[in-house]
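Novice: Got a sequence here, can you model it:
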Amino acid sequence: ETGRATRFQAFGSDITERKNAESKLRRLSGFYAALGQCNEAIVRCADENQLFQEICRIAVESAGLRMAWIGLVDSSSRSVSPVAWFGSGHEYLAEIRISTAGDEPAGQGPTGTAIREGRPVWCQDFQNDPRTSPWHERGASVGWGASASLPLRRDGRVNGALMVYAAETNAFEDDICRLLLEMAADISFAMDNFAREGARRATELELRKLSQALEQSPESITITDLDGRIEYVNDAFVRNTGYARDEVIGHNPRMLQSGRTPQASYAALWEAMTHGRPWQGEFTNKRKDGSEYIEFAIITPLRQPDGTVSHYVAVQEDVTEKKHLAMELDAHRHHLEQLVESRTAELVEARRQADAASEAKSSFLANMSHEIRTPMNAIIGITHLLRRGGATPEQAGQLDKIDDAGRHLLGIINDILDLSKIEAGRLQLECTDFALAAVLDNVASIIGDTARDKGLGIRLDRGEVPAWLRGDPTRLRQALLNYAGNAVKFTEQGAIALR
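Specialist: Residues are numbered from 1 along each chain as shown. Here you go, the predicted model:
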């Protein structure tokens, strides 16, 4: 009656499920958004590294995950190397060691298992899961409640993994797992695309290099179909022939024929082409201006992957200048050979004549030895008789001079005759027994007067040489007389010793 409330009535309802549903919806919406952004990044990113970094950032910022990273397998060492990361706790990646080998402790974790077995590994309670025990302390410090490791494939083979970490336990519900698997599949698709694009670019680069090699080659290159119609010529062909490309494309190379190439060459060429064999040879062709040139050509069938021949490729070198130089060199060589042959014949004839003259001279002197020595010996003998028959001192001096001159001239004649005999091959050494003392005494008597006139003494020293020797006493006497005569001639005082 007074209008004051005397009683309160409260009504309550349990909204936990609604809140959980709202939270799940927010998480799911975040993963849907992340998946869409990942697909946009796949279209936008220019290379694999840029895409990986974007994926990790999107997983953290849009899907609400604590951290995400991507690792690729090194096939040689079977280790997993992080290549991109984002979020809280990524510092531990600098020292992490993960292997794909199942027999190593480093390969027992979620990432190694996912890559090795090719399946996702879900750790809904990171801190209590034995598979993540090596990283429990690290996970607790950065707030990891759950983790997922999803294999990534290139060309159908697992070669890496996407690792994500959530703050809550049991964070990866069925819908979220499906979205993460779809994200991993999209990343694998992008990896295939990048691989194909890389292969395409590499092929384009190779084709570009081959095209540049063809265009910039100094040799003429021609490609024809099986009927011989020209489909391609390079710049060198245009320069060498004078024809523009549009003047030869679709035409047969016979338009270059000069009529001076043997028909046998064309027959051999087409016989080789018909059997799918390469051919090489020379053509004498004609340029557009009518001038002729010589080409060395190598023509090869171009085969497709199935082995069929689809085209012919000709590489041709202009060897006109080389041919002219070779012809000039051949002419010079032949001329030089003729000169050498003629000069050799002249030298041979001159040598023959010189040998004949020398032989005649030597034979003459050797045969005249007796006729030349006899008069000289007669002069020396008569001089000796005149000296014994009594002569005045003046006449004795004159006789001595005649005797010395005669003996000197006889020595010169003997030397000349010996040299001539050597040249004629007629010198023969005597082999007889002789007394060394007689030889030495004879030499001493011959040089005695000259030595005494200069006031020189003569000493004979036989030493321990045997009294009798076997050999040519005449040649030994001549040798000793030459030595002794020189000794007397060049000695001013003292004595001459014959040992």
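Novice: need the contact list for the nearest residue to residue 279 once chain neighbours are set aside.
Specialist: In space, and not counting its chain neighbours, residue 279 is closest to residue 272: 3.8 Å by C-beta to C-beta, 6 or more residues apart in numbering. (C-beta placed from N, C-alpha, C; glycine too.) Residue 272 is in contact with 278, 279, 299, counting by C-beta atoms under 8 Å, 6 or more residues apart in numbering.
Novice: Distance of residue 272 relative to residue 312?
Specialist: Residue 272 sits at a distance of 10 Å from residue 312 (criterion: C-beta to C-beta, to the nearest Å).
Novice: What of residue 357?
Specialist: Taking C-beta to C-beta, one finds residue 357 at 73 Å from residue 312.
Novice: quick one, which of those two is more surrounded?
Specialist: Counted by other C-beta atoms under 10 Å, residue 357 and residue 312 do not tie: residue 312 has more neighbours, with 22 against 10.
Novice: Secondary structure class of the closest residue to the more buried one other than its chain neighbours, three-state.
Specialist: Counting by C-beta to C-beta, 6+ apart, residue 224 is the residue found nearest to residue 312 once chain neighbours are left out, at 5.0 Å. What DSSP: H, G, I helix; E, B strand; the rest coil gives for residue 224 is strand.
Novice: quick one: residue 224 from residue 300, how far?
Specialist: Residue 224 sits 12 Å away from residue 300, going by C-beta to C-beta.
Novice: Give the residues shared as contacts by those two.
Specialist: Counting by C-beta under 8 Å, 6+ apart, the shared contacts of residue 224 and residue 300 are 312, 314.
Novice: confidence score at residue 422?
Specialist: If you check residue 422, the pLDDT there is 65.
Novice: re earlier: tell me the secondary structure at the residue nearest to residue 279.
Specialist: State at residue 272, reduced to three classes by three-state DSSP: helix.
Novice: those strands in the stretch 201-350 of the chain, which residues are they?
Specialist: For the stretch 201-350 of the chain, strands defined by DSSP state E, counting those that start in this stretch occupy the ranges 220-225, 230-233, 279-286, 292-303, 309-318.
Novice: Give me the mean pLDDT for the second one.
Specialist: I take that to be strand 230-233. Strand 230-233 shows a mean pLDDT of 94.
Novice: what comes into contact with it?
Specialist: So strand 230-233 is contacted by 214, 220-225, 245, 248-253, 311 (C-beta under 8 Å, 6+ apart).
Novice: can you give me the strands for the stretch 351-499 of the chain?
Specialist: Under DSSP E, counting those that start in this stretch, the stretch 351-499 of the chain gives strands at 432-435, 457-460, 468-471, 495-498.
Novice: Just the buried residues of the first one, please?
Specialist: Which is strand 432-435. Residues of strand 432-435 classed as buried: residue 434 (neighbour count, 16 or more other C-beta atoms under 10 Å).
Novice: repeat for the second one
Specialist: By neighbour count with 16+ other C-beta under 10 Å, strand 457-460 contains the buried residues residue 458.
Novice: Quickly run through the sheet partners of that strand, with directions.
Specialist: Sheet pairing of strand 457-460 (DSSP bridges) gives strand 495-498 (parallel).
Novice: May I have the beta-bridge partners of residue 86?
Specialist: As for beta bridges, residue 86 partners with residue 68 under DSSP bridges.
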